[in-house]
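# Using only what follows, build the 3D model:
(chains A and B)
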Amino acid sequence: MEDLGNALARARDGDPEGVAELYRVYAGPLLAFLITQVRRREDAEDLLGEVFLSAMRDLNKFEGDVGGFRAWLYRIATNRAVDLARRNARRPEEPLATAIERPGPSDPASEALGRVDRERLWRAVMALPKAQRQVVGMRLAGGLSAPEIAEALGKPVGAVKALQHRALVNLTKAFEAPYPGGPERRLKGREENLD
Amino acid sequence: MKRTLTDAREHDALDAALDRLVHGLPTDAPEGLEPLIQTARAAREAFSVHVTEEVANAHLAALGVSTLERRRPRHRVALVLIAAVVTVVLLGGAAVAASGSALPGQLLYPVKRATERIELLLNTSPASRARLHLEFAQRRLTELSDLLALRRAGQSVDIGAAMSAYQREVGEAQDAIAADSTDPSYQALLGSVEDQLQGHIVVLSALRDNFAEGPAHTAIQNAIDRATTAQSAVSNAVSKARAGDGKPPVEPSRSPSKRPNDLPSQATSHKP
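Down below sits the predicted model:
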């Protein structure tokens, strides 16, 4: 954390090494988050570069700490993903089989998690309402805390916690895992309240 | 009220368990929440993707230039030279040269896209950015044509990626034109853009007609629709300009939306 604080300070002073350090730490999780938002890896990679460029251009206006910086990165990423979705709004949904992220053969995640499960999970994530997808993407792909997500999305922390709960209920249902207590009951009629 | 409190407690309990999960600590799932934690664990694993070396190097090259520009905004000519050196060093001269003909899905394609992003970075005026975006849109058309040739040869290709990128470039071009109607070459630019988009529509229509109804046909049709929309916006601006109605801006491809803006807020303090 101290190292990252130093990297942020150096980046703010215009040191390319500081910038590179921030990129090395945050780029992977941010890419995963962007894939959950835009589906195509190529689009997500383009946006990843744009997000960092945008952040570095405005870095001299940023006065927060490392945690705040991460929340800010995700806010920019969310906005860029929404812009892209709006541009592509006229394009019908593509078949998920060709659109979802597919890891390379050397990706350890694909070995630990069965390919079928992995695809089923990605399909379920893509099928979530936008607000739930944003929250679950930041939480589980980006590793952000609920307050950081609240900061990035401009929502109350309580709403973020409710959205992540609902998203996980929906994903669990899609995984056909048992959820005692009946998630349907919880979801019914409440889906649009916080989205 | 009781129900709300119960929900809030459950949300807090789940949140605490997720905090432990994302920090790689053992998670004692609260009773009844085990399935959700299992799902979260699987999702965390599935989301573990890595930035490829080519993409990372390309981004770092662009970021390096951007950082230098922030430090020395007056030295643009020198920066262009530095950018060229940084690009070649970080991305590899041979890779940059070879990436020119790379197609979506191929190893060097991210390098090709990254060098395009660097070009954009070094061209800040809306008019020059519009020209670049149109040039890149033309490249996406060329890629589409090459992909179709591979498809005819029996290879499996992803036409959707090229068409998605094409639509994006056209949208960016339209927005760049809309951003500045005071450029001295604005009218000439409008005419040029209008002609280029018309050319794109002709090419796309010819390619589309090679396909029966299906995903590829739809992807190309959507690209045609996008180009037609942009051309229509540009044509309207040309007509108004010819009628002596000042220099009206082209309609941007999207309207502003209500959302948190990109600028950093000052009250930001969280643990990473």
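
# centroid residue for chain B?
B:R168 (6.3 Å; Cα atoms, centre = their mean).

# what about the strand or helix carrying that one and chain A, any contact?
Under DSSP states H and E, the secondary-structure element containing B:R168 is helix B:159-179. Yes: for helix B:159-179 and chain A, the contact criterion (Cβ under 8 Å from any Cβ of the partner chain) is met by B:160-161, B:163-165, B:167-168, B:171. Yep, even glycine has a C-beta here, placed from its N, CA and C like the rest.

# Now that helix: average pLDDT?
Averaging the model's pLDDT scores along helix B:159-179 yields 82.

# And for stretch B:104-115?
Stretch B:104-115 shows a mean pLDDT of 77 in the predicted model.

# What are the boundaries of the helices in the chain?
In the absence of a named chain, chain A is used. In order along the chain, chain A carries the following helices (DSSP state H): A:2-12, A:16-38, A:41-57, A:66-87, A:96-99, A:108-112, A:115-126, A:130-136, A:146-153, A:157-174, A:183-187.

# that's the wrong chain, I wanted chain B
Along chain B, counting by DSSP H, helices occupy B:2-22, B:34-46, B:53-71, B:76-91, B:93-99, B:109-121, B:126-152, B:159-179, B:186-208, B:215-242.

# Quick check: which of the ones you listed has the most neighbours on average?
Each of the helices of chain B was scored by mean neighbour count; the highest is helix B:159-179, a mean of 24, by mean count of other Cβ atoms under 10 Å in any protein chain shown.

# who does that one touch, helix- and strand-wise?
Here helix B:159-179 touches helix A:41-57, helix A:66-87, helix B:126-152, helix B:186-208, helix B:215-242, going by 3 or more Cβ pairs under 8 Å, 6 or more residues apart in numbering or on different chains; DSSP states H and E.

# at 10 Å instead, please
If you count contacts as 3 or more Cβ pairs under 10 Å, 6 or more residues apart in numbering or on different chains; DSSP states H and E, helix B:159-179 packs onto helix A:41-57, helix A:66-87, helix A:96-99, helix B:109-121, helix B:126-152, helix B:186-208, helix B:215-242.

# Now do the same for the residue of chain A found nearest chain B: its pLDDT.
When Cβ to the nearest Cβ is the measure, chain A has its nearest residue to chain B at A:G68, with 2.5 Å between them. The pLDDT attached to A:G68 in the predicted structure is 89.

# One more: the one 10 residues further on?
Per-residue confidence for A:T78 comes out at a pLDDT of 95.

# how about A:P156, phi and psi?
The phi and psi values for A:P156, taken as degrees, to the nearest 10, are phi -70, psi 150.

# show me what contacts the residue nearest to it when sequence neighbours are not counted?
Here the nearest residue to A:P156 in space, its sequence neighbours aside, is A:A150; by Cβ to Cβ, 6 or more residues apart in numbering or on different chains that works out to 6.2 Å. Under the criterion of Cβ atoms under 10 Å, 6 or more residues apart in numbering or on different chains, the neighbours of A:A150 are A:71, A:135, A:144, A:156-161, B:270.

# Give the residue spans of the stretch 51-200 of chain B that score low on pLDDT.
Counting by pLDDT under 70, the stretch 51-200 of chain B contains low-confidence residues at B:65-99, B:121-122, B:179-184.

# Repeat that for chain A.
Judged by pLDDT under 70, the stretches of chain A that qualify are A:1-2, A:87-116, A:176-195.

# dump the residue contacts of the residue positioned nearest the centre of it.
When chain A is reduced to its mean C-alpha position, the closest residue under Cα atoms, centre = their mean turns out to be A:F33, at 2.7 Å. Counting by Cβ under 10 Å, 6+ apart, A:F33 makes contact with A:44, A:47-48, A:51, A:73-74, A:77-78, A:81, A:133-134, A:136-144, B:47, B:49.

# I'd say A:M126 and A:T36 touch.
Yes: contact between A:M126 and A:T36 holds when scored by Cβ atoms under 10 Å: they sit 7.6 Å apart.

# between these two, which one's more packed in?
Higher neighbour count among A:M126 and A:T36: A:T36, with 26 against 17, using other Cβ atoms under 10 Å in any protein chain shown.

# What sits closest to the more buried one if chain neighbours are left out?
What sits nearest to A:T36 in space, not counting adjacent residues and going by Cβ to Cβ, 6+ apart, is A:G137, at 3.7 Å.

# Now the terminal residues of stretch B:25-41, how far apart.
Across its full length, stretch B:25-41 reaches 12 Å between end residues, using Cα to Cα, to the nearest Å.

# For the residue nearest to B:D7 when sequence neighbours are not counted, the count of nearby residues, please.
In space, B:D7 comes closest to A:A162 once its chain neighbours are excluded; the distance is 7.4 Å by Cβ to Cβ, 6+ apart. The local packing of A:A162 (other Cβ under 10 Å) involves 23 other residues.

# these two touch, right, A:A162 and A:V135?
Yes: the pair A:A162 / A:V135 is scored as a contact, 9.2 Å apart, by Cβ under 10 Å.

# picking up where we left off before, and the residue nearest to the centre of chain A, how far is that from A:G143?
Counting by Cβ to Cβ, to the nearest Å, the gap between A:F33 and A:G143 amounts to 9 Å.
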